[in-house]
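J.: Sequence first, predicted model second:
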Amino acid sequence: MQWRKWVLKPAVFLAGLGPAAWLVYAALTGNLSVNPLEDITHETGLWAIRFICVTLAVTPLRRISGWNDVIRFRRMLGLFAFFYGTLHFLIYIIADRFAALDFPDGIVAWSTVRNLAASVGEDIYKRPFITIGFTAFVCMVPLALTSTAGMIRRLGGRRWRALHRLIYVTGVAAVVHYWWLVKADVTDPRFYAIIVAVLLGIRVYYARIRAIAPTRSPIARAQSPS
Amino acid sequence: MLIKRAADIRSSEITDKKLYLKRREFIQAAAVATAGLGALAATGSAEAATPAPRGRKLDNVQKSPLSVTDEKLNSWEQITTYNNFYEFGTDKESPSLYAKTLKTEPWRVVVDGEVAKPGTWNLEDILKGQTLEERVYRLRCVEAWSMVIPWVGFPLADFIKKVEPTSKAKFVEFYTQYDPATMPGVRQPTLRWPYLEGLRMDEAMHPLAILAVGLYGEVMPKQDGAPIRLIVPWKYGFKSAKSIVRIRFVERPPVNTWQEMQSSEYGFYSNVNPSVDHPRWTQASERRIGEFFRRKTLMFNGYGDQVASLYSGMDLKRNY
């Protein structure tokens, strides 16, 4: 118990902050490309997808390996996916939307806020790859808000679990967002699409086993995870 | 006197059984953490882009009245580390890392199709007697970033006149080098290879269209399309084919590589046009490399006064 609390969790936490720390360091030392805003946008998006994949991997890993304690890292991993997704969204708003605004009344003005909101809204409405990316992000918001023990208690396990299946939507939407973004070379989006497909496929497989197990054999039932 | 001997192992040094049993869990979690850090390290240690080495100085380069005069030039580093040249990989820094293998000497350009004088030209013969000019042009990429670049080159029209196109020549095709041995990117079917671009004859004859052989007064860096490339400053960057090995004159409009790849997004004309969005992103603004605030994109990339007449009467929303 003490290991996990004082060594492992902090270690995973620090590892999760690593990409952000590296980006800040690289930006400050001029180690990004000559288009650093694009690098930061792409990297934060990529790390959001990676943490979504890692989070989605927790339950299959637990079922297959029987290593039950891995579940104790799931919340933190999911929150890191949300953390990088939020950074990604904010940087898009600043570098892509804010930076393209007119500032008729100067930068610090109500019109800036209004124009920014209109610009973001129009982009989400108009461009399918932004729409789907925004969907991926929005689906993570309630999950982050209900990630506390208190919220799990208030919602009740069954409802909480149902709500948190939204992460499946996020996983699929994030991969589609990435796929629609690239111009020609889909190697990388395909890599993450396969990972998400496998991780969701494993869930379908276990759901089917669970559905047929009780009527078939008590052994299968005993082996199927609770 | 009873001498009490200390135990060999003090009780405080004996591992607590509970802790002892936890070691398995520790190892497992350590493995996960290590894997995570490994993935991290892999990203962090990705090879950094390297600017091109400075090249040979080109002699007798004349200034041109067609140059942009009131805009800050992008730096050598920016122009040689941030390139779209898919023959060397799809990442912006890939050409700066891998284009060194491109063999630019000797270089030959095949001229064929509807011309009175087809043949194979050595690069030296193309340049023989040709005055080189510095042309500072804006370059607007279809991805909504831009640069200001001091090219060195000469009017494409000068060369076209030498090969005497026939009356059937309505379009010109430009083919980029295709060599799997020196171009790692073409080993993947990312695009249809060799890379093909094309212009209508009157576009090709326009004084702004040049064949460029240099940058900042020096021989063209390989990542920028050495040794000879097209520059058509009022069109999106992908129209300006790099490392040209063949120029063919044809009667029918060519299906350029990006049009073939995705015709709903990339057309034949591909004139810079802020009012015709790419289906996936806006073309109304652009990021000048090195700046934070985005600039308004200009019609025909700011060259409207010179080129708009080429398209009078055409619906540019349909002919994107």
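T.: All right, it came through fine.
J.: Pull the distance from stretch B:110-120 to the chain's centre.
T.: Relative to the chain's own centre, stretch B:110-120 is displaced by 27 Å; criterion: C-alpha atoms, centre = their mean, to the nearest Å.
J.: To clarify, my last question referred to stretch B:267-282.
T.: That offset, for stretch B:267-282, works out to 18 Å (C-alpha atoms, centre = their mean).
J.: what ranges of chain B fall below the confidence cut-off?
T.: By pLDDT under 70, the weakly predicted segments of chain B are B:1-47.
J.: Sheet partners, orientation included, of the longest strand seen in it?
T.: The longest strand of chain B (DSSP state E) is strand B:145-155. Strand pairing for strand B:145-155, determined by DSSP bridges: strand B:132-140 (antiparallel), strand B:210-215 (antiparallel), strand B:285-288 (parallel).
J.: Reformat these as a markdown table; add mean neighbour count.
T.: Where you see a C-beta, it was placed from the backbone N, CA and C, and this is true even at glycine. Output for the strands paired with strand B:145-155, formatted as a markdown table (neighbours: other C-beta atoms under 10 Å in any protein chain shown):
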| stretch | mean neighbour count |
| --- | --- |
| strand B:132-140 | 22 |
| strand B:210-215 | 25 |
| strand B:285-288 | 21 |
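J.: Which one, of these, ends up nearest to residue A:161?
T.: Closest to residue A:161 of those, according to C-beta to C-beta: strand B:285-288, at 43.5 Å.
J.: Tell me which residues are up against the closest one.
T.: Identification of contacts with strand B:285-288 by C-beta atoms under 8 Å, 6 or more residues apart in numbering or on different chains yields A:35, A:37-38, A:99-100, B:74, B:140, B:144-148, B:274, B:294-297.
J.: make it 6 Å
T.: Residues outside strand B:285-288 that contact it (C-beta atoms under 6 Å, 6 or more residues apart in numbering or on different chains) are A:100, B:144, B:145, B:146, B:294, B:295, B:296, B:297.
J.: Stretch B:190-198 now?
T.: A:184-185, B:86, B:171, B:173-176, B:178, B:186, B:239, B:241, B:254, B:256-257, B:260-261.
J.: What residues of it count as buried?
T.: Neighbour counts over stretch B:190-198 (16 or more other C-beta atoms under 10 Å in any protein chain shown) mark B:190, B:191, B:193, B:194, B:195, B:196, B:197, B:198 as buried.
J.: what secondary structure does the second one sit in?
T.: Three-state secondary structure (criterion: DSSP: H, G, I helix; E, B strand; the rest coil) places residue B:191 in coil.
J.: what's the farthest-apart pair in the buried residues of stretch B:190-198?
T.: Farthest apart among those - using C-beta to C-beta - are B:190 and B:198, which lie 19.8 Å from each other.
J.: where does chain A have low pLDDT?
T.: Scanning chain A residue by residue, the ranges that satisfy pLDDT under 70 are A:1, A:214-226.
J.: Name the residues of it found near chain B, please.
T.: Contact residues (C-beta under 6 Å from any C-beta of the partner chain) of chain A with chain B: A:3, A:8, A:11-12, A:15, A:18, A:22, A:33-35, A:67, A:69, A:99-100, A:129, A:184-185.
J.: Drop anything exposed from the residues you listed.
T.: A:8, A:11-12, A:15, A:18, A:22, A:33-35, A:99-100, A:129, A:185.
J.: Just the ones of those in strands?
T.: Among those, no member falls in strands (DSSP E).
J.: Just give me the closest of those residues to residue B:93.
T.: residue A:33 (6.1 Å).
J.: mind exporting stretch A:49-63 as PDB, just the C-alpha atoms?
T.: Taking Å, rounded to 0.1, in the frame of the first residue of the first chain, the C-alpha atoms of stretch A:49-63 are listed here in PDB:
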ATOM      1  CA  ILE A  49      -4.600  10.300 -27.900                       C
ATOM      2  CA  ARG A  50      -1.800   8.300 -26.300                       C
ATOM      3  CA  PHE A  51      -3.200   8.800 -22.800                       C
ATOM      4  CA  ILE A  52      -6.700   7.900 -24.100                       C
ATOM      5  CA  CYS A  53      -5.200   4.700 -25.500                       C
ATOM      6  CA  VAL A  54      -3.300   3.900 -22.200                       C
ATOM      7  CA  THR A  55      -6.500   4.600 -20.200                       C
ATOM      8  CA  LEU A  56      -8.500   2.300 -22.500                       C
ATOM      9  CA  ALA A  57      -5.800  -0.400 -22.100                       C
ATOM     10  CA  VAL A  58      -6.200  -0.600 -18.300                       C
ATOM     11  CA  THR A  59      -9.300  -2.700 -18.100                       C
ATOM     12  CA  PRO A  60      -8.200  -5.200 -20.900                       C
ATOM     13  CA  LEU A  61      -4.800  -5.500 -19.200                       C
ATOM     14  CA  ARG A  62      -6.400  -6.200 -15.900                       C
ATOM     15  CA  ARG A  63      -8.700  -8.900 -17.300                       C
END
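J.: So what's the gap between it and the chain middle?
T.: With C-alpha atoms, centre = their mean, you get 11 Å for stretch A:49-63.
J.: how about that stretch: buried residues?
T.: Quick answer for stretch A:49-63 (16+ other C-beta under 10 Å): A:49-63.
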